[in-house]
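Got a predicted model here, sequence first, then my questions.
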Amino acid sequence: MMIDASLLTILLAALVASASPGPATLAIAGTSMSSGRWSGLAVASGVTTGSLIWSTSAALGLGAVMLANAWIAEALRYIGAAYLIFLAVKSARSALSAADLPARSFNGGYCALFLKGLALHLANPKAIFFFGSLYAIGVPATASSIQLFVIVASVGLLSLTVFHGYALLFSTAAMIERYAKSRRWLEGLFAIGFGFAGLRVLLARGP
């Protein structure tokens, strides 16, 4: 009964965190609108894999190790901030361009898109802080290996549903048409979103 309550708490918190606008959802939405459904799904798969890696790491106690070794978190923080700011500059350049062909938020083959989505999520140290805190608070110390597996698998399934749902939603004909008509405005919003997220990660201190 206790683990059922813990699982519900973790899933609700993970749902809010994954569904809220952020770098991952921006990248998935932008790629889906500009490059199509399968490209968006490839990015979403990378983001989901990154989420699963952080979730598993937190369940195994690696979040506590990172918190105890501040230099690891600091290195990830600077790498993540640099990557997000790079994406902001890329979107800003697209927004300022009057070219007829829409620029892609992420480009490349499906494998490259998957890796970019994965890198985007792994480069955000806030993910491990989120999962580390969530597991520390929501999971009883007496939880068995099987119970931990159920929690990690449930969170992974939730992430897969949310992120791939974004890819499917933003790859619809209506969304693609809207993107084509207002590409520069949308790319400008992406630039602001990525830039704001990058500055938040850069200026963040601790979990």
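Good, I have the coordinates. Numbers count the residues shown, from 1 in each chain.

lowest confidence element among the helices and strands of the protein?
helix 62-68 (a mean of 60; mean pLDDT, DSSP states H and E).

Give me the nearest residue to T25, chain neighbours excluded.
Once flanking residues are discounted, T25 sits nearest to Y166: 5.6 Å by Cβ to Cβ, 6 or more residues apart in numbering. C-beta: built from backbone N, CA, C; applies to glycine.

what's the helix or strand for the one you found?
helix 145-170 (DSSP states H and E).

list the buried ones in that helix?
Buried residues in helix 145-170, counted by 16 or more other Cβ atoms under 10 Å: 147-148, 151-152, 154-156, 158-160, 162-164, 166-167, 170.

Tell me where this structure has helices.
Taking DSSP state H as the test, the helices found in the chain are 2-19, 23-35, 37-59, 62-68, 70-96, 110-122, 125-138, 145-170, 173-181, 183-203.

mean pLDDT lowest for which of these?
The weakest mean pLDDT among the helices of the chain belongs to helix 62-68, with a mean of 60.

Relative to V150, how far out is I85?
Separation of I85 from V150 (Cβ to Cβ, to the nearest Å) stands at 38 Å.

cool, and A82?
36 Å.

Kindly report the same for L113.
To V150, L113 is 30 Å away according to Cβ to Cβ.

Now do G36 against F106, distance only.
12 Å.

Have a look at the two and say which one is more surrounded.
F106 (25 against 15; other Cβ atoms under 10 Å).

List the residues that contact G156.
G156 makes contacts with 48, 51-52, 55, as judged by Cβ atoms under 8 Å, 6 or more residues apart in numbering.

start to end distance for stretch 176-188?
16 Å (Cα to Cα, to the nearest Å).

what do you get for stretch 164-184?
25 Å.

Which residue is the nearest non-sequential neighbour of F106?
Spatially, and ignoring its direct neighbours in sequence, F106 is nearest to T31 (4.6 Å; Cβ to Cβ, 6+ apart).

I figured that neighbour hits V43, correct?
Yes. Using Cβ atoms under 8 Å as the test, T31 is close enough to V43 to be in contact (4.9 Å).

list residues touching both of the two?
With Cβ under 8 Å, 6+ apart, T31 and V43 have common neighbours 106, 113, 167.
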